[in-house]
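Engineer: below are the sequence and a predicted model; questions follow.
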Amino acid sequence: MTNISVTAMRKFRSRPTRSLLAGGLLLLSISAGGARADDAPPPVPHWSGLPIWGVAAEARGYAVPLPFGVGLTGYSARQPVNIQDLQLGRNGNPPVSVSNYLQIDEVDSTQENLSLKLDVLVFPFLDVYALVGETRGNTQGVIQVPADPILGIFEPRLLELDADFSGPTYGAGLTLQGGTRVNDWRDLTALVVADWNRTQTNLSFANEALIAETKPIATVFSARVGLHGTLGSSHGAAIWTGAMHQTIQQEVAGSVADTELQFIVVQSPAQPWNALLGGLFEFGEKGYVLLEGGFGKRKSILAAAVYRF
């Protein structure tokens, strides 16, 4: 799954702006400020000493976000899935691939995730985070299985997939973000953000006829470009567009209850890329909310609220 943020930096307007990298996706935020005013008070280090080089950045005219963040993120997605391999076994014998004989109609997967995310701004340009949450979803589709007397299948069958699944999700990631002011009007700032995260979900299935467990690992990369501006003395907002790539190799292994049939299914997203469009609103330096939609074969929506301290 994924997230994003853009914590506005406080603005100093006395001299030309400089570009600055800053992080915090999936919930961070930052925008480039102008140079520090001559009569501005000297920067005060955060009690944690973070971010590294933060005081130097502020001395050069950049307002660095508070180093710690805690956020609640909700994510919902629907996408088609490719069945890359189906192996069937009987009586404990090693499963045999029957993928070359299958006719697979479209398989759709939906998922919903609610996660708690903790992040730390290590450098003014680098944010790292960990997350833990719960994932729920459903896979639906139809697979036509040919007759195979060796496996005890004496006539073709239609396997209707309708599996509800759920399980805990945990993982970690990092975010890089850069920005430079492009106009003095509302301190308009151009932003570039890149995020990478890796998560694992320990899934179990609610279907009583299916005895299976799987631990899919998801690797997600996303990139975004957008604009950030101030709204009044302490509020800010941003809009962006971008793209996300998901690599999810999910192997489901198990057996069908009350039978001697075992199976292994390997599946992955039919289209790993989708387009993104989103925005956020900041409540000063200590919090913001964001909303992002995904378009293409994978339809998604992401909502998050973040508090920084």
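Structural biologist: Yes, it's here. What you see is a predicted model; the values in this text were computed from it and never measured. Numbering: from 1, shown residues only.
Engineer: just how off-centre is stretch 228-237 within its chain?
Structural biologist: Remark: stretch 228-237 is offset 26 Å from the chain centroid, using CA atoms, centre = their mean, to the nearest Å.
Engineer: okay, how far is it across stretch 41-56, tip to tip?
Structural biologist: The first residue of stretch 41-56 is 14 Å away from its last residue (CA to CA, to the nearest Å).
Engineer: list the buried residues for that stretch?
Structural biologist: 43, 46, 50-51, 54-55 (16 or more other CB atoms under 10 Å). (C-beta placed from N, C-alpha, C; glycine too.)
Engineer: surely Y129 meets K117?
Structural biologist: Yes: if you go by CB atoms under 8 Å, Y129 and K117 touch, sitting 5.5 Å apart.
Engineer: what bridges to the closest residue to L203 other than its chain neighbours?
Structural biologist: Distances taken as CB to CB, 6 or more residues apart in numbering place G167 nearest to L203, at 4.2 Å, with adjacent residues excluded. When bridges are called by DSSP bridges, G167 pairs up with T135.
Engineer: my guess is G167 contacts F205. True?
Structural biologist: No: G167 lies out of contact with F205 (CB under 8 Å); the separation is 9.4 Å.
Engineer: need the buried residues of stretch 41-56 in a markdown table (columns: distance to N183).
Structural biologist: A markdown table is the format used below for those (distance: CB to CB, whole Å):
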| residue | distance to N183 |
| --- | --- |
| P43 | 26 |
| H46 | 30 |
| L50 | 31 |
| P51 | 27 |
| G54 | 26 |
| V55 | 28 |
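Engineer: from the residues you listed, which ones fall inside helices?
Structural biologist: In helices, judged by DSSP state H, the following of the buried residues of stretch 41-56 are found: 54-55.
Engineer: max pairwise distance over the buried residues of stretch 41-56: which two?
Structural biologist: The distance between the two most remote of the buried residues of stretch 41-56 (CB to CB) is 13.4 Å, for P43 and L50.
Engineer: now E112: which helix or strand?
Structural biologist: Under the criterion of DSSP states H and E, E112 resides in strand 107-123.
Engineer: quick check: buried residues in that strand?
Structural biologist: Those would be 107, 109, 111, 113, 115, 117, 119-123, for strand 107-123 by 16+ other CB under 10 Å.
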